[in-house]
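Chemist: Give the three-dimensional model of this entry:
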Amino acid sequence: MSKKAGISFFEKYLSLWVILCIALGISIGKYLPEVPNFLSRMEYEHVSIPVALLIWLMIYPMMLKVDFSSVIKSIKQPKGLAVTIVTNWLIKPFTMYAIAYLFFNVIFKSLIPLDLSQSYIAGAVLLGAAPCTAMVFVWSHLTKGNPSYTLVQVAINDIIILFAFTPIVAFLLGINGIAVPYATLILSVILFVVIPLSLGILTRITLVKRHGVEYYNRFVSKFSNITIAGLLLTLVIIFSFQGNVILTNPLHILLIAVPLVIQTFMIFFIVYGWARLWKLNHSIAAPAGMIGASNFFELAVAVSVSIFGLSSGATLATVVGVLVEVPVMLTLVKIANNTRHWFSREVFEMDGIDS
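Modeler: Numbers count the residues shown, from 1 in each chain. This next block holds a predicted model:
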């Protein structure tokens with residue numbers, strides 16, 4: 001009983017913890033700049049090692065729920081994969097460009113100089129063309145998503161990024177010679193997918209062999225709050241990096257956030273609604289919506305810095321994408337959990353896929 005109460009306590013007040021951690025992070029960035037300065041030196045190929053370790057801490061508990069037999073079952077159910085792939089690569093980048101153009105060049109025309117508006121559009125496109133790799137495992141966990149199916153969806157998107165990201169961005173922005181930092185992409189996949197998945201599978205095999213399935217299930221249940229704790233600590237670090245940016249550019253931060261938030265909600269409901277029409281289970285539909293709505297911000301920021309520079313408007317736009325993502329995604333998690341009844345009744349199993 002106490003265990004359930006503890007989990008309920010964290011989940012019930014998660015929005016409050018997020019707000020407090022964001023405020024703490026901004027305060028650290030403003031008043032203790034030596035902290036983010038020190039952490040920024042712990043970076044390799046544009047990937048923050050402290051943030052990577054915390055994201056790994058969030059992902060590992062979900063990877064404990066994955067086994068290869070359920071991955072094979074996932075591949076045999078192509079509808080959820082089709083929804084994710086079509087939305088991420090044939091809809092999302094183009095709607096992001098259209099929405100960004102509408103707001104930055106038309107609605108906010110009197111508030112943003114033309115050169116900055118074009119830069120903000122570029123940053124938005126970079127975000128729109130990079131679907132999420134790591135954090136989606138957290139959103140899937142919070143919506144009781146099927147871990148194996150989420151893994152397959154993420155893996156397929158990682159493969160597609162290698163081939164589709166550059167031509168889509170080049171087409172939408174009219175930029176030639178875009179240099180995608182493949183080292184950043186490959187390192188992110190290794191850190192956020194390969195390593196935690198390998199350790200999760202090794203843990204499963206070892207514990208099930210030595211102690212049995214029931215013991216293993218009890219072991220996995222102990223990690224529920226670790227994912228949330230990792231999320232909150234990640235927020236403190238991310239927002240400490242951006243404290244001065246937020247405090248010195250409040251108006252433009254807000255203006256950039258508007259189209260990004262609209263795009264995020266729109267893409268989520270496109271995927272979520274499509275999944276409902278196709279009668280997919282909620283444990284597949286919710287993570288699919290989260291993958292479409294969220295962004296691979298490490299890649300977007302790295303590409304923006306390499307093309308436009310650290311102080312460019314494009315890079316600021318990608319940073320704003322980082323700032324708004326967690327609060328918005330937590331809102332979508334709440335929406336997904338509150339609309340579970342929209343989908344057909346299903347039996348939730350740790351590894352099985354019910355359809």
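Chemist: contacts, neighbours, all on C-alpha from now
Modeler: Will do.
Chemist: Looking at per-residue confidence, what score does A134 get?
Modeler: Per-residue confidence (pLDDT) for A134: 68.
Chemist: One more: F296?
Modeler: Residue-level pLDDT assigned to F296 equals 79.
Chemist: ok, now S198?
Modeler: 82.
Chemist: try Y13
Modeler: pLDDT at Y13 comes out at 66.
Chemist: Okay, now stretch 43-57: how far is its last residue from its first?
Modeler: End-to-end span of stretch 43-57 (C-alpha to C-alpha, to the nearest Å): 18 Å.
Chemist: I meant to write stretch 107-115 there.
Modeler: Start-to-end, stretch 107-115 (C-alpha to C-alpha) is 15 Å.
Chemist: buried sites along it?
Modeler: I112 (16 or more other C-alpha atoms under 10 Å).
Chemist: before we move on, what about stretch 280-298?
Modeler: Buried residues in stretch 280-298, counting neighbours by 16+ other C-alpha under 10 Å, are found at 280-298.
Chemist: again, but for stretch 269-283
Modeler: In stretch 269-283, counting by 16+ other C-alpha under 10 Å, buried: F269, I270, V271, Y272, W274, A275, R276, L280, N281, H282, S283.
Chemist: ok, so of those residues, who is nearest I26?
Modeler: Set against I26, the nearest of the buried residues of stretch 269-283 by C-alpha to C-alpha is F269 (30.9 Å).
Chemist: any idea how far S27 is from the closest residue to I26 other than its chain neighbours?
Modeler: Among residues not flanking I26 along the chain, G243 sits closest, at 4.2 Å (C-alpha to C-alpha, 6 or more residues apart in numbering). According to C-alpha to C-alpha, G243 stands 7 Å off from S27.
Chemist: ok, now which ones touch the residue positioned nearest the centre of the chain?
Modeler: Geometric centre of the chain, nearest residue: M135, 3.8 Å, by C-alpha atoms, centre = their mean. Shown in contact with M135 (C-alpha atoms under 8 Å, 6 or more residues apart in numbering): I55, I59.
Chemist: Between all of the buried residues of stretch 269-283, which two are separated the most?
Modeler: Across those, the longest distance by C-alpha to C-alpha is 16.5 Å; it joins I270 and S283.
Chemist: Which residue, other than its chain neighbours, is closest to V322?
Modeler: Using C-alpha to C-alpha, 6+ apart and skipping residues adjacent in sequence, the residue nearest V322 is F297, 6.2 Å away.
Chemist: Would you mind telling me which of G243 and S27 has the busier surroundings?
Modeler: Comparing G243 with S27 by other C-alpha atoms under 10 Å, the one with more neighbours is G243, at 22 against 18.
Chemist: Need the per-residue pLDDT for that one.
Modeler: With respect to pLDDT, G243 has a value of 72.
Chemist: Also K92?
Modeler: K92 carries a pLDDT value of 95.
Chemist: Report pLDDT for the residue sitting furthest away from the middle of the chain.
Modeler: Using C-alpha atoms, centre = their mean, the residue of the chain lying farthest from its centre is R210. It sits 35.0 Å away. Looking at R210, its pLDDT is 90.
Chemist: tell me which element it falls in.
Modeler: Assessed by DSSP states H and E, R210 sits inside helix 195-211.
Chemist: And that helix, what does it pack against?
Modeler: helix 49-63, helix 213-221 (3 or more C-alpha pairs under 8 Å, 6 or more residues apart in numbering; DSSP states H and E).
Chemist: how close does G174 get to L299?
Modeler: Counting by C-alpha to C-alpha - G174 and L299 are separated by 19 Å.
Chemist: actually N217, not the one I typed
Modeler: Distance, N217 to L299, using C-alpha to C-alpha: 35 Å.
Chemist: wait, isn't V125 in contact with Y97?
Modeler: Yes - between V125 and Y97 there is a contact under C-alpha atoms under 8 Å: 5.7 Å.
Chemist: Cool, thanks, talk later.
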